[in-house]
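Q: The sequence isn't on hand, but the structure is:
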């Protein structure tokens, strides 16, 4: 039986051997939710880049450029990482180049993995079904907030553990912790998220609607995967 | 109001500014439980050292030497980190020098703090009462297992958060997570700990009795603190 482990922040990733494994990158508020939504809405590809400068270097070639730092759109960019910037009207057929505070960092840190896929509540079951089919060891990588552990990414990891615990060995303490946290919260994810000051921060940023959207489960049925450095829809 | 934050492993400690704060070092299985028991049983002092070699350098001067790696007593040492090696008969009036896989590492990593104290379920309320009295910011530092997050240290951190949430700001996501995990488990800590493979590992080492002992709450009423590199009883 393959194993499934949870890595609660990218800062802990050096402790894990990713070779031959699939990494699921998780940044619920909001990068991986928005990416999942954009890919489902027909974006041709999304290119994740580490820095604002690298993102800018793509300017003027028909790309849509998205840059977010500390929860806000960086000055001069088309959009940040609100899912409402990734609607069909805006992204269909386009190639996006994006950089975010936490999500694109986590993607970069996962480069030793055999495969990288993008996870969110929006496509939870699509992620789980794919993982079962691939039959490889799995690491659920929570992007966290500036390398600290956060609730929403841990909750999503717990949701995956809960759905896959019969098909994978899920013996690591972080998996147990994530699953039990998810079971605490699953009755009402929105209410649960209000427990943190992080939610106060999100409120100040005026992105409560984004947060609400990102906590919807299984409204999308496609899966974004990384191929040659570009995020595309899995076939 | 002072804040209380939880750091789930020493690997994340560089993300926190410890200046002016109290760090509570937590290594439930078994270093900080055994240290608390030894100090309560009248050990004059316990000197935590980082390496087996450093521990050996104290040999022949009337010290008791304890060394544990990977859960086992290191060859040639008086004892490892079983609490039953820290009874009154064995330690009263003695000075111990000890090194352990995780606990002494966490102590070393906390050196920038204003104060370091030792926490365990055995002296939970003594720890909490002290923290309220000192009125400084607090970091609960889980030692984890080789820098990975573990359940038992997180549960103890959650127990402290639960007891102190009216007296401190406990807004960090790790605190919320730890408290909710503790609330899941507190009905039966022993049963809860069986959920992990870590408990299988402990069983293989034949230390189930140690584990059971370390999960007793408030059987001790003293507090070990670090003064000039030595762990002594707080006055």
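A: Everything's here; your move. Predicted model, so just to flag it, every value in this text is computed and none were measured.

Q: Please enumerate the strands of chain A.
A: A:4-7, A:22-26, A:45-48, A:64-69, A:72-73, A:95-99, A:115-119, A:138-142, A:224-227, A:230-233 (DSSP state E).

Q: Note down every partner strand of the second one and its orientation.
A: Take DSSP bridges as the rule and strand A:22-26 pairs in its sheet with strand A:115-119 (parallel), strand A:138-142 (parallel).

Q: Quick check: which of those is buried the most?
A: When you average the neighbours per residue for each of these (mean count of other CB atoms under 10 Å in any protein chain shown), strand A:138-142 leads with a mean of 28. Quick note: C-beta positions are derived from backbone N, CA and C, even for glycine.

Q: Next to chain B, which bits of chain A? Give me the list.
A: A:8-9, A:11-12, A:15, A:145-151, A:154, A:171-174, A:176-177, A:180-181, A:183-184, A:195-198 (CB under 8 Å from any CB of the partner chain).

Q: rerun that using 6 Å as the cut-off
A: Selection of chain A residues close to chain B by CB under 6 Å from any CB of the partner chain yields A:8, A:11-12, A:15, A:147-151, A:171, A:173-174, A:176-177, A:180-181, A:184, A:195-198.

Q: Okay, now the unreliable bits of chain A?
A: Within chain A, the stretches with pLDDT under 70 are A:197-199.

Q: And for it, the residue most distant from the center?
A: residue A:60 (27.4 Å; CA atoms, centre = their mean).

Q: quick one: the helices in chain A?
A: Along chain A, counting by DSSP state H, helices occupy A:31-40, A:52-56, A:88-91, A:103-109, A:124-134, A:151-164, A:173-185, A:189-193, A:197-204, A:208-214.

Q: Dump these to a markdown table, plus distance to residue A:77 and mean neighbour count.
A: Shown next, in a markdown table, are the helices of chain A (distance: least, CB to CB, whole Å; neighbours: other CB atoms under 10 Å in any protein chain shown):
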| stretch | distance to residue A:77 | mean neighbour count |
| --- | --- | --- |
| helix A:31-40 | 14 | 30 |
| helix A:52-56 | 7 | 16 |
| helix A:88-91 | 14 | 15 |
| helix A:103-109 | 14 | 23 |
| helix A:124-134 | 28 | 19 |
| helix A:151-164 | 24 | 26 |
| helix A:173-185 | 33 | 24 |
| helix A:189-193 | 27 | 17 |
| helix A:197-204 | 20 | 15 |
| helix A:208-214 | 17 | 18 |
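
Q: Point out the one among those that comes closest to residue B:49.
A: For the helices of chain A, the distance to residue B:49 is smallest for helix A:173-185, at 26.9 Å, taking CB to CB.

Q: The closest one - contacts with which helices or strands?
A: Judged by 3 or more CB pairs under 6 Å, 6 or more residues apart in numbering or on different chains; DSSP states H and E, helix A:173-185 is in contact with strand A:4-7, helix A:151-164, helix B:173-185.

Q: Next, format these as a markdown table and append distance to residue B:52.
A: Below are the helices and strands packed on helix A:173-185 laid out as a markdown table (distance: least, CB to CB, whole Å):
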| stretch | distance to residue B:52 |
| --- | --- |
| strand A:4-7 | 29 |
| helix A:151-164 | 35 |
| helix B:173-185 | 31 |
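
Q: ok, back up a step: how about the strands of chain A in CSV, adding distance to residue B:204?
A: CSV is the format used below for the strands of chain A (distance: least, CB to CB, whole Å):
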stretch, distance to residue B:204
strand A:4-7, 20
strand A:22-26, 30
strand A:45-48, 43
strand A:64-69, 47
strand A:72-73, 51
strand A:95-99, 46
strand A:115-119, 34
strand A:138-142, 25
strand A:224-227, 39
strand A:230-233, 43
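
Q: what about those, which gets the closest to residue B:191?
A: That would be strand A:4-7 among the strands of chain A, by CB to CB, at 21.9 Å.

Q: List the buried residues for stretch A:42-62?
A: Residues of stretch A:42-62 classed as buried: A:43, A:45, A:46, A:47, A:48, A:49, A:52, A:55, A:56, A:58 (neighbour count, 16 or more other CB atoms under 10 Å in any protein chain shown).

Q: can you put the residues you listed in JSON lines and add distance to residue B:211?
A: Listed next are the buried residues of stretch A:42-62 as JSON lines, based on distance: CB to CB, whole Å:
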{"residue": "A:43", "distance to residue B:211": "51"}
{"residue": "A:45", "distance to residue B:211": "51"}
{"residue": "A:46", "distance to residue B:211": "48"}
{"residue": "A:47", "distance to residue B:211": "50"}
{"residue": "A:48", "distance to residue B:211": "44"}
{"residue": "A:49", "distance to residue B:211": "48"}
{"residue": "A:52", "distance to residue B:211": "50"}
{"residue": "A:55", "distance to residue B:211": "51"}
{"residue": "A:56", "distance to residue B:211": "55"}
{"residue": "A:58", "distance to residue B:211": "55"}
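
Q: between those residues, which is nearest residue B:68?
A: Distances from residue B:68 to the buried residues of stretch A:42-62, taken by CB to CB, are shortest for residue A:48, at 43.4 Å.

Q: mind checking how far the nearest residue to the closest one once chain neighbours are set aside is from residue A:143?
A: Once flanking residues are discounted, residue A:48 sits nearest to residue A:104: 4.3 Å by CB to CB, 6 or more residues apart in numbering or on different chains. From residue A:104 over to residue A:143 the distance is 9 Å, taken as CB to CB, to the nearest Å.

Q: I figured residue A:81 hits residue A:32, correct?
A: No. Residue A:81 is beyond contact range of residue A:32, at 9.3 Å (criterion: CB atoms under 6 Å).

Q: ok so, going back, out of the helices and strands packed on helix A:173-185, which is closest to residue A:65?
A: helix A:151-164 (25.0 Å).

Q: what does that closest one contact?
A: A:4, A:6, A:26, A:28-29, A:121, A:124, A:128, A:140, A:142-143, A:170, A:175, A:178-179, A:181-182, A:185, A:196, B:173 (CB atoms under 6 Å, 6 or more residues apart in numbering or on different chains).

Q: Surely residue A:73 is in contact with residue A:82?
A: No. With contact defined as CB under 6 Å, residue A:73 does not reach residue A:82; the gap is 8.1 Å.

Q: neighbour count winner among the two?
A: The neighbour comparison of residue A:73 against residue A:82 (other CB atoms under 10 Å in any protein chain shown) goes to residue A:82, with 21 against 16.

Q: how about that one, phi and psi?
A: Backbone geometry at residue A:82, expressed as degrees, to the nearest 10, gives phi -70, psi 130.

Q: and the nearest residue to it once chain neighbours are set aside, what does it touch?
A: Spatial nearest neighbour of residue A:82, chain neighbours left out: residue A:210 (5.1 Å); criterion: CB to CB, 6+ apart. Neighbouring residues of residue A:210 by CB under 6 Å, 6+ apart: A:30, A:82, A:83.

Q: and the strands paired with strand A:22-26 as a markdown table, adding distance to residue B:90?
A: Below are the strands paired with strand A:22-26 laid out as a markdown table (distance: least, CB to CB, whole Å):
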| stretch | distance to residue B:90 |
| --- | --- |
| strand A:115-119 | 51 |
| strand A:138-142 | 43 |
